[in-house]
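Chemist: Need coordinates for the below:
(one chain, ligands or ions: 1)
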Amino acid sequence: MGLKTPQHYVESLRDGRVTYWDGERIDDITTHPRFRVPIALTAVDYEYDAADYGALRRYRTEDGGEAHRIYQVPTSEADLATRVELLQHTSIGTAVSGVYMALMSVKDDVAQVNPACATNIERMYRYCRDNDLRAAEVITDPKGDRKRRAHEQDDPDLYVRIVDRNADGIVVRGAKLHITAASLVHELVVMPTKGMRQDEKDYAVSFSIPVNTKGVSIINRSFAPAALNEFDYPASAHHSMPEGFVVFDDVLVPWDRVFLAGEVQLASRLAQSLGLWERTGGVIEAVRLSELFVGLAQLVSEHQGKERDPVVMNTIAELITYAEMLRMSLDYACRHFEQAPSGMVFPNVLAINAAKYFYAANFHQTVRHLHDLSGGLVLTLPLEADLRHPEAGPYIRKYLHTKPDVDVEDRMRVYNLIRDLTADAYGGWQFVVALQAGGGLSAQRIMMNRTYDLARAKQRALAAAGVKPRAAAKRQAAE
Ligand SMILES: Cc1cc2nc3c(=O)[nH]c(=O)nc-3n(C[C@H](O)[C@H](O)[C@H](O)COP(=O)(O)OP(=O)(O)OC[C@H]3O[C@@H](n4cnc5c(N)ncnc54)[C@H](O)[C@@H]3O)c2cc1C
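Modeler: Here you go, the predicted structure:
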């Protein structure tokens, strides 16, 4: 019980979990080079005494204990603002534990259908919080043929399902794909990926189990090789996190860890609540990235002496528009928060979905602006080793000179960050993350259609068009 240290965290990962990477079964991830950066990144969030963000990381629970703030259920606008600040300084390996915010926000609805499951949510939330554990958001099924429902697939296991119910619990089989940090957390919090119908009861399943549970295997994948030089890769040398292909091979889940087992009416409610918190995280990251893009565009232009060129200024204005729209959307979503009957507050659903959509739909275009300004060096800049070479280095310094006040090494660092963030392996990862993580564009479109006040918009349009309310009502009644 209580807060762990970074060392405790690392030790806790030596628990027999079954993980694979690059054709190798890895028995101890803490000593394997592929996991070095991801573990170091996640371990930082256990530095509760750190001068920079130590105080932000912890909070006092209602029981008087101390816990990581990722578990603080927001009940006011100020709490929400603090949560946003926390997420700006938290690794994704910890941020995914926000899955418990999704569960806590649906707990009341679950209680109405199955009080025992709601009790399980509350107990597991406290267990993870009080033991300073990390939990992954395990929602996306392989889904097979997208035109067919879960129970209509050629292989019934293409969505995670219950294959047996017994006195001890449920037995589940299936897989979940793309699970961020699955190998680096303690608990896998599984939810249905979408709404389920009456005949899909076995697929309406949600639970939490330890990563080292018998029958769980994780196949890892990431954009990053084991080691990257931080001059050439200023972003990804320190930031990589494997996604896990998580397999549940007839896994027994004890009843006290089950959140949903056949209550189809709650399946989409769970999926949507997680979507909101995932998208909020996505927008927070988008605000950070978009501001970086503005700074990089301005720097790369200044280094080349073209910052007063009207075309350059127009392009930078486009980047500023993107960054400011995102920043304002996040701010709006938190100020116009929504509240559950329990008192828990959460970001405005429509605003977050519109913001995430705006981020994803315009991300590629925004990067195009940055690439357009930067030129070919984004891809062809020589490596640090050549810069440091006694013969090659002087050529690089001579021919990358632009102006007396521009240091060639600084110029190279700016290019390296542009390439790393947008044009190399990490950059390619970012392109797909912007679109798919937290759900593809259509997931946000669906939520916007659902939550926008279309009736009010229609009424305004009718009034503006001069359609009398009674005539409109009559026509509508006849329709
Ligand atoms: C880096 C990364 C990290 C991720 N982390 C997590 C995580 O931690 N946890 C987690 O659970 N998930 C995670 N995801 C998964 C993410 O939520 C999904 O990738 C996303 O929801 C899209 O699902 P999909 O990949 O199965 O693609 P698909 O469902 O195949 O979607 C691709 C496209 O097909 C369209 N489409 C889908 N079905 C139909 C249909 N029936 N008819 C017509 N068009 C259709 C979609 O609208 C979309 O445009 C992550 C993804 C990435 C890339």
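Chemist: can you list the residues of the protein near the ligand?
Modeler: Within the chain, the positions near the ligand by C-beta under 6 Å from any ligand atom are 96, 137-140, 143, 146-147, 176, 178-180, 243, 432-433, 436-437, 439-440, 442. For every residue, glycine as well, the C-beta is placed using N, CA and C.
Chemist: hmm, 8 Å instead?
Modeler: Residues of the chain that fall close to the ligand, judged by C-beta under 8 Å from any ligand atom: 96, 136-143, 146-147, 176-182, 191, 193, 243, 274, 278, 429, 432-433, 435-443.
Chemist: For ChimeraX, write the selection for the buried entries among those residues.
Modeler: Listed next is the ChimeraX selection for buried residues among the residues of the chain next to the ligand, using 16 or more other C-beta atoms under 10 Å:
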select :96,136,137,138,139,140,141,142,176,177,178,179,180,181,182,191,193,243,274,278,429,433,435,437,438,439,443
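Chemist: The residues of the chain next to the ligand in strands, which ones?
Modeler: Of the positions in the residues of the chain next to the ligand, A136, E137, V138, K176, L177, H178, I179, T180, E243 sit in strands, assigned by DSSP state E.
Chemist: separation between the fifth one and I139?
Modeler: In this structure, L177 and I139 are separated by 10 Å, where distance is defined by C-beta to C-beta, to the nearest Å.
Chemist: Likewise for the fourth one?
Modeler: With distances taken as C-beta to C-beta, K176 is found 7 Å from I139.
Chemist: centre of the chain versus the helix ranked longest in the chain, how much separation?
Modeler: Looking across the chain with DSSP state H, the single longest helix is helix 267-303. With C-alpha atoms, centre = their mean, to the nearest Å as the basis, helix 267-303 stands 9 Å off its chain's centre.
Chemist: immediately after that helix, which helix or strand?
Modeler: From helix 267-303 onward toward the C-terminus, using DSSP states H and E, the following helix or strand is helix 310-335.
Chemist: quick one: low-confidence parts of this protein?
Modeler: Scanning the chain with the threshold set as pLDDT under 70 gives 471-473, 475-476, 479.
Chemist: Recalculate using a threshold of 80.
Modeler: 1, 469-479 (pLDDT under 80).
Chemist: Show me how it divides into domains.
Modeler: For the chain, automatic domain parsing gives the domain ranges 6-262, 269-455.
Chemist: TSV for those, including distance to A477?
Modeler: Formatted as TSV, these follow (distance: least, C-beta to C-beta, whole Å):
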stretch	distance to A477
domain 6-262	31
domain 269-455	15
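Chemist: in the stretch 201-350 of the chain, what residue is nearest the ligand?
Modeler: E243 (5.1 Å; C-beta to the nearest ligand atom).
Chemist: Verify the contact between that residue and S183 for me.
Modeler: No. E243 is beyond contact range of S183, at 9.5 Å (criterion: C-beta atoms under 8 Å).
Chemist: Residues in contact with both of the two, list them for me.
Modeler: Common contacts of E243 and S183 (C-beta atoms under 8 Å, 6 or more residues apart in numbering): N220.
Chemist: Could you check how far stretch 139-155 is from the centre of its chain?
Modeler: 23 Å.
Chemist: Just the endpoints, please. Distance across it?
Modeler: 19 Å (C-alpha to C-alpha, to the nearest Å).
Chemist: that older thread, pull out the buried residues from the longest helix of the chain.
Modeler: Buried positions in helix 267-303, judged by neighbour count with 16+ other C-beta under 10 Å: 267-287, 289-294, 296-303.
Chemist: Who are the packing partners of it?
Modeler: Contacts defined by 3 or more C-beta pairs under 8 Å, 6 or more residues apart in numbering; DSSP states H and E place helix 267-303 against helix 77-88, helix 99-113, strand 258-261, helix 310-335, helix 349-374, helix 408-422, helix 425-436, helix 441-451.
Chemist: how about stretch 348-363 as PDB, C-alpha atoms only?
Modeler: What follows is stretch 348-363, C-alpha atoms only, in PDB (Å, rounded to 0.1, in the frame of the first residue of the first chain):
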ATOM      1  CA  ASN A 348     -17.500  18.800 -22.500                       C
ATOM      2  CA  VAL A 349     -18.200  15.800 -24.700                       C
ATOM      3  CA  LEU A 350     -19.100  17.700 -27.900                       C
ATOM      4  CA  ALA A 351     -16.100  20.100 -27.500                       C
ATOM      5  CA  ILE A 352     -13.600  17.300 -27.000                       C
ATOM      6  CA  ASN A 353     -14.900  15.300 -30.000                       C
ATOM      7  CA  ALA A 354     -14.900  18.400 -32.200                       C
ATOM      8  CA  ALA A 355     -11.400  19.300 -31.000                       C
ATOM      9  CA  LYS A 356     -10.000  15.700 -31.600                       C
ATOM     10  CA  TYR A 357     -11.700  15.700 -35.000                       C
ATOM     11  CA  PHE A 358     -10.100  19.100 -35.900                       C
ATOM     12  CA  TYR A 359      -6.700  17.900 -34.700                       C
ATOM     13  CA  ALA A 360      -6.800  14.600 -36.700                       C
ATOM     14  CA  ALA A 361      -8.500  15.900 -39.800                       C
ATOM     15  CA  ASN A 362      -6.000  18.800 -40.200                       C
ATOM     16  CA  PHE A 363      -2.800  17.200 -38.800                       C
END
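Chemist: buried set for that stretch?
Modeler: For stretch 348-363, a neighbour-count test (16+ other C-beta under 10 Å) marks 348-360, 362-363 as buried.
Chemist: Of the domains of the chain, which is nearest G466?
Modeler: Ranking the domains of the chain by proximity to G466 (C-beta to C-beta) places domain 269-455 first, at 18.8 Å.
Chemist: Any idea how far that closest one is from the middle of the chain?
Modeler: Here domain 269-455 is found 15 Å from its chain centre; the criterion is C-alpha atoms, centre = their mean.
Chemist: So that it lines up with my notes, have the first residue be 617 from now on.
Modeler: Done: numbering now begins at 617, and the last item shifts to domain 885-1071.
Chemist: Between its first and last residues, how far does that domain reach?
Modeler: End to end - C-alpha to C-alpha - domain 885-1071 spans 23 Å.
Chemist: Next: stretch 1016-1035.
Modeler: 17 Å.
Chemist: One more: stretch 843-854?
Modeler: With C-alpha to C-alpha, one end of stretch 843-854 sits 9 Å from the other.
Chemist: Buried residues in it, which are they?
Modeler: Result for stretch 843-854 [16+ other C-beta under 10 Å]: buried residues L844, F847, D848, Y849, P850, A851, S852, A853.
Chemist: Distance-wise, check F1047 relative to M857.
Modeler: In this view, F1047 and M857 are 16 Å apart by C-beta to C-beta.
Chemist: Looking at these two, which has the bigger crowd around it?
Modeler: Legend: neighbour count by other C-beta atoms under 10 Å for F1047 and M857, higher for M857 (25 against 15).
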